[in-house]
Structure formats: structure tokens, C-alpha cells
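Colleague: pasting a predicted model and its sequence here:
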Amino acid sequence: MVDALASQIRTGRLVGGSRLPTHRTLAEREGIAVVTATRVYAELQSMGLVSREQGRGTFVRDLAIPAGHGIDQQVVAADAVDLNFNYPALPGQADQLRAVLRELATSGDLDALLRYQPHRGRPRDRASVVRYLRRRGVSVDVDRVLMVSGAQHGLAVSVMATLSPGDVVAVDALTYPGFKVLAEAFHLELAPIRSTPQGSDLDDLERLCATRPVRAIYTMPTLHNPLGWVMSAANRERFAQIARRCGAVIIEDASYAYLAKDPPPPLVEMAPDLTVHVSGVSKSVASGLRVGYVVAPPALVSALERAIRATTWNTPALTTAIACRWMDDGTVDSLEEEKRADASARQALARRELNGLRLVAHRSSYFVWLPLAEDSRADRLTAALARQQISVTTAAPFTTTAHTPQAIRLALGSTDLDRLRTALRVVRREVVEDAYT
């Protein structure tokens with residue numbers, strides 16, 4: 001039975017997006033027990049051939065979409081429009097890189113960049129981060145700062161330093177796929193929190209902390225990925241109080257925070273003894289500049305330092321020197337301001353071209369969350385767009401609940417405005433057509 005259905009799916013006789021019979025209907029049609037029909041569908045799901053949606057049924061997956069699409073980076077054809085990943089760049093950044101490399105070439109400490117660095121980073125580099133954060137209203141001591149190889153590495157060492165296999169981590173029902181990958185690698189249990197338009201549902205978080213042994217809470221309070229909300233100052237205060245009452249560490253991901261103009265203070269400022277704050281310059285400056293930082297409570301610094309030693313030994317000295325020079329000379333500040341303006345222009349374009357569709361986004365973010373009509377299928381839509389050389393992400397990589405919503409995320413920052421405009425028009429057409437398929 002499994003082999004027959006699998007063959008029909010792989011050969012296209014059962015089309016992607018098709019709803020399969022209920023367990024009972026399949027059992028009656030094939031003369032098997034309902035429990036056997038349930039096992040058949042479970043095995044097809046484990047093979048990646050079907051997806052089960054609570055309250056809706058079991059659907060054939062569209063095999064034109066690569067496995068892991070949206071989590072694992074896929075090769076996008078040179079002539080395709082990538083609305084899957086964000087790697088925004090601004091004119092003139094290559095010239096800035098040439099200039100800073102010339103400056104480093106004539107600096108007095110060039111030899112030092114060829115040697116091993118302290119695991120947590122050189123004091124002068126960590127001081128650059130302190131000054132950068134101070135300009136954003138965040139006051140931290142240099143001894144609480146550790147340099148890492150990008151924010152993803154910062155999240156990895158934070159998990160290594162604070163959690164053990166089997167620990168329960170509270171996360172938003174839709175969250176950053178990179179943290180899901182870490183949770184799987186380190187055998188953590190993710191406990192989903194419902195979301196509201198204003199941020200995490202704090203009543204739901206409070207209930208969760210009262211009923212489960214929550215060891216940590218992963219959050220993106222300033223410009224959430226993928227929903228784009230910014231948590232209010234009052235909700236941040238309550239969030240920190242809940243974490244304190246249940247004894248949970250807060251892992252605060254600020255990777256996209258630079259895009260929000262004048263947000264409330266970060267959680268690391270409100271609850272410095274509970275919060276591990278992670279960010280970097282890969283989003284705000286250049287995706288190839290894998291430099292980040294972690295701000296941690298003093299009690300966790302040694303454990304974080306050991307985790308850095310176990311993974312990379314130290315952040316590469318040359319790229320760290322570039323990032324810290326740019327923090328000190330105002331280049332990072334300037335690029336962040338330019339990218340806020342660029343993201344705002346792209347958001348405005350998206351709202352014009354996707355007029356009439358429901359969009360969830362921050363006015364200056366590089367992504368749009370697009371919930372689909374009740375009868376639409378995100379995998380079917382994604383495959384249709386892929387055939388037209390447009391790469392987008394379904395909700396699956398972001399989802400931490402049993403039910404995956406029918407939605408797509410559009411990354412707006414990886415192509416020029418003309419190609420983006422054309423691609424968005426195709427997206428709108430396909431979304432409307434799919435709703436009536």
C-alpha cells in the first residue's frame with residue numbers, strides 16, 4: 001500500500017497539493033483497518049511525500065520544491081529572482097572594503113592579525129562593540145562582550161553554554177529557522193508560544209512556564225522574523241518578569257533590530273542578569289562579513305568562552321578588524337541608516353504591487369509574510385513560482401507547531417528594484433490564481 005501510493009506521488013499521478021482520502025475512507029476502500037491506514041500515511045509523511053494538517057487532512061507534497069527549502073540554502077539559478085534569502089547590498093560597499101583593506105595594510109598591528117586571538121576577542125574589538133551599543137542606548141561592560149563568527153554562531157554558543165539535551169525552550173509559534181536547526185542539533189524541545197500582532201502572547205507564555213520546565217526563552221523582540229513586529233516596552237518588562245519567575249534564560253536575537261528606528265530598549269538592558277543578547281553585522285553591513293557579538297551575564301561568560309573555543313577557537317582576526325573599524329568610524333551607522341531607507345522603499349513597493357492581498361510586515365523590514373486563502377496551498381504556489389524562476393519560502397521552516405499555516409515569506413532585499421517589481425507582480429497573479437484553483 002505504501003509503495004503503491006509513493007509510486008503514484010513520485011510519477012505525478014497524484015498531483016502535488018491533492019487532498020488524500022481520510023484514514024477511514026482509505027481503510028474502507030482498500031479493505032484494511034483504520035490503524036493500518038494511519039500507519040500508511042505516517043510512513044508516507046516520514047518519506048517526505050505527504051504533509052498532515054490538523055483539521056484539514058493529508059495532502060500530497062509538491063516534489064518540485066527541494067527538501068528543506070527555506071532552511072537549507074539552495075542553489076538559485078543565475079537568472080532566477082531570489083525572494084527566499086536576504087543579502088542586501090548597497091552601491092559603493094566594494095569601494096569601502098578596498099579602502100579599509102588599504103588602511104589595515106598600513107596599520108602598525110598587521111602582524112597581530114596573523115596570530116591566534118583571545119577566544120572572546122581582543123579587548124579593543126570588544127570595546128568597539130561597547131561603543132557601538134552605547135550609541136543605541138545600551139550600556140554594557142566590556143567584560144560581558146564576546147566576539148563570535150556571526151549571529152548564527154552566537155546563537156550556537158549561547159545554546160551550548162546554557163542548555164542541555166532535552167531542555168525545554170519556549171519559542172514563538174513562527175520563529176527563525178536557524179534556531180530550529182540548532183534545537184534539532186542539540187536535542188532541545190521547542191515549546192511554541194502563540195503570537196499576537198503586538199508580539200508574543202504573554203498570557204500563553206505565562207501558562208507555558210507554569211506547566212512546563214522552561215529552561216530558556218528564545219525571542220526576537222525588535223523586528224521579529226518572519227512577522228516583523230516590535231514588542232512594546234511594557235510587554236518587554238512583563239516578558240522579563242515572566243522569565244525571572246520561571247528561572248529561564250532569555251536568548252535575545254537582535255539580528256534585524258537595526259532596521260527598526262528608535263525601538264524600545266532591548267531585553268539585555270532591562271534584564272541584564274537573565275539575558276544573552278546576540279547580534280552581528282552580517283545583516284546590517286554585508287552577508288559575507290561573518291562577525292557578531294554576544295553580550296552575556298557575567299556568570300555565563302566563561303561557559304560561552306569555552307563554547308567559542310570548542311567551535312571556532314576565535315573569530316577570524318581580519319574580518320573582526322574590518323567590522324570594528326567600521327563600527328568606530330561611523331560606516332556601520334551610515335550603512336544601517338541607508339538600509340533602513342532601502343528596506344522602507346522595498347516595503348512600499350511590495351504594498352503597491354501586492355495590493356489587495358493580506359500582508360504582515362514591518363514598514364522598514366526586508367521581508368513580508370503573506371498568509372494565503374483557506375483553500376490555497378503554499379507548496380503548490382511555491383512550485384508554480386519556481387517554474388517561473390522565482391524562489392520563495394513556505395511557512396514550514398518557521399513553524400514550531402503541529403499545524404503549518406498556509407503562507408509564504410518574501411525576502412525583498414536580494415534583487416534590484418526593477419526585477420523585484422516584476423517578480424512581485426507574478427507573485428500576486430499566482431496567489432490570486434491559486435486561491436481559485
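Modeller: Structure received.
Colleague: point out where the stretch 151-300 of the chain drops to low pLDDT.
Modeller: Low-confidence regions of the stretch 151-300 of the chain, defined by pLDDT under 70, are absent; no residue qualifies.
Colleague: got a list of what the residue most central in space within the chain touches?
Modeller: The structure's the chain has its C-alpha centroid closest to residue 176; by CA atoms, centre = their mean the separation is 2.9 Å. Applying CB atoms under 8 Å, 6 or more residues apart in numbering, one finds that residue 176 lies in contact with 220, 225, 253, 398. The way it works is simple: take the backbone N, C-alpha and C, and place the C-beta from them, glycine included.
Colleague: quick check: phi and psi at the third one.
Modeller: In other words, residue 253. Per-residue torsions, residue 253: phi -100, psi 110 (degrees, to the nearest 10).
Colleague: where is the longest helix in the protein?
Modeller: In the chain, assigned by DSSP state H, the helix with the most residues is helix 331-353.
Colleague: can you list contacts of that helix?
Modeller: Helix 331-353 is touched from outside by 88, 90, 93, 96, 100, 132, 135, 258-259, 261, 281, 284-285, 323, 325-326, 359, 361-366, 368, 410, 412-413, 417, 420-421, 424-425, 428, with contacts defined as CB under 8 Å, 6+ apart.
Colleague: backbone dihedrals for residue 199, please?
Modeller: Its backbone dihedrals place residue 199 at phi 140, psi -160, with angles given as degrees, to the nearest 10.
Colleague: can you tell me how far it is from residue 15?
Modeller: Note on residue 199: its distance to residue 15, by CB to CB, to the nearest Å, is 39 Å.
Colleague: swap in residue 415?
Modeller: 30 Å.
Colleague: residue 173 contacts residue 404, correct?
Modeller: No: Residue 173 lies out of contact with residue 404 (CB atoms under 8 Å); the separation is 10.3 Å.
Colleague: alpha carbons of the longest helix of the chain, in PDB - could you do that?
Modeller: What follows is the C-alpha trace of helix 331-353 in PDB, where atoms were taken according to Å, rounded to 0.1, in the frame of the first residue of the first chain:
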ATOM      1  CA  THR A 331      30.500  53.200   8.500                       C
ATOM      2  CA  VAL A 332      28.100  50.800  10.200                       C
ATOM      3  CA  ASP A 333      25.900  53.600  11.400                       C
ATOM      4  CA  SER A 334      25.700  55.000   7.900                       C
ATOM      5  CA  LEU A 335      25.000  51.700   6.200                       C
ATOM      6  CA  GLU A 336      22.300  50.900   8.700                       C
ATOM      7  CA  GLU A 337      20.600  54.200   8.000                       C
ATOM      8  CA  GLU A 338      20.800  53.600   4.300                       C
ATOM      9  CA  LYS A 339      19.500  50.100   4.600                       C
ATOM     10  CA  ARG A 340      16.500  51.300   6.700                       C
ATOM     11  CA  ALA A 341      15.700  53.600   3.800                       C
ATOM     12  CA  ASP A 342      16.200  50.900   1.200                       C
ATOM     13  CA  ALA A 343      14.000  48.400   3.100                       C
ATOM     14  CA  SER A 344      11.300  51.000   3.500                       C
ATOM     15  CA  ALA A 345      11.300  51.700  -0.200                       C
ATOM     16  CA  ARG A 346      11.000  47.900  -0.900                       C
ATOM     17  CA  GLN A 347       8.200  47.600   1.600                       C
ATOM     18  CA  ALA A 348       6.300  50.400  -0.100                       C
ATOM     19  CA  LEU A 349       6.900  48.700  -3.500                       C
ATOM     20  CA  ALA A 350       5.600  45.400  -2.100                       C
ATOM     21  CA  ARG A 351       2.400  47.000  -0.800                       C
ATOM     22  CA  ARG A 352       1.700  48.600  -4.100                       C
ATOM     23  CA  GLU A 353       2.400  45.500  -6.200                       C
END
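Colleague: may I see the buried residues of it?
Modeller: The neighbour-count check on helix 331-353 (16 or more other CB atoms under 10 Å) flags 331-333, 335-336, 339-340, 342-344, 346-347, 350, 353 as buried.
Colleague: so for that helix, mean pLDDT?
Modeller: For helix 331-353, the mean pLDDT works out to 97.
Colleague: pLDDT (mean, whole number) over the helix or strand following that helix?
Modeller: Scanning forward in sequence from helix 331-353, with DSSP states H and E defining helices and strands, the next element found is strand 367-371. The predicted model assigns strand 367-371 a mean pLDDT of 98.
Colleague: now strand 367-371, how far from the chain's geometric center?
Modeller: 13 Å (CA atoms, centre = their mean, to the nearest Å).
Colleague: go on, stretch 364-374?
Modeller: Computed by CA atoms, centre = their mean, the separation of stretch 364-374 from the middle of its chain amounts to 14 Å.
Colleague: just the CA trace of that stretch, in CSV.
Modeller: As requested, the backbone C-alpha atoms of stretch 364-374 are provided in CSV (Å, rounded to 0.1, in the frame of the first residue of the first chain):
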residue,chain,number,x,y,z
SER,A,364,11.2,49.0,7.2
SER,A,365,11.9,45.3,7.1
TYR,A,366,13.3,43.3,4.3
PHE,A,367,10.6,40.6,4.4
VAL,A,368,6.9,40.2,4.0
TRP,A,369,4.7,37.4,5.5
LEU,A,370,1.8,36.6,3.1
PRO,A,371,-1.0,34.4,4.6
LEU,A,372,-2.9,32.6,1.9
ALA,A,373,-6.6,32.0,1.4
GLU,A,374,-8.1,29.0,3.2
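Colleague: give me the residues contacting it.
Modeller: 86, 88, 174, 223, 225-228, 256, 259-261, 340, 343-344, 346-347, 350, 354, 357-361, 378, 381, 405-413, 427, 431, 434-435.
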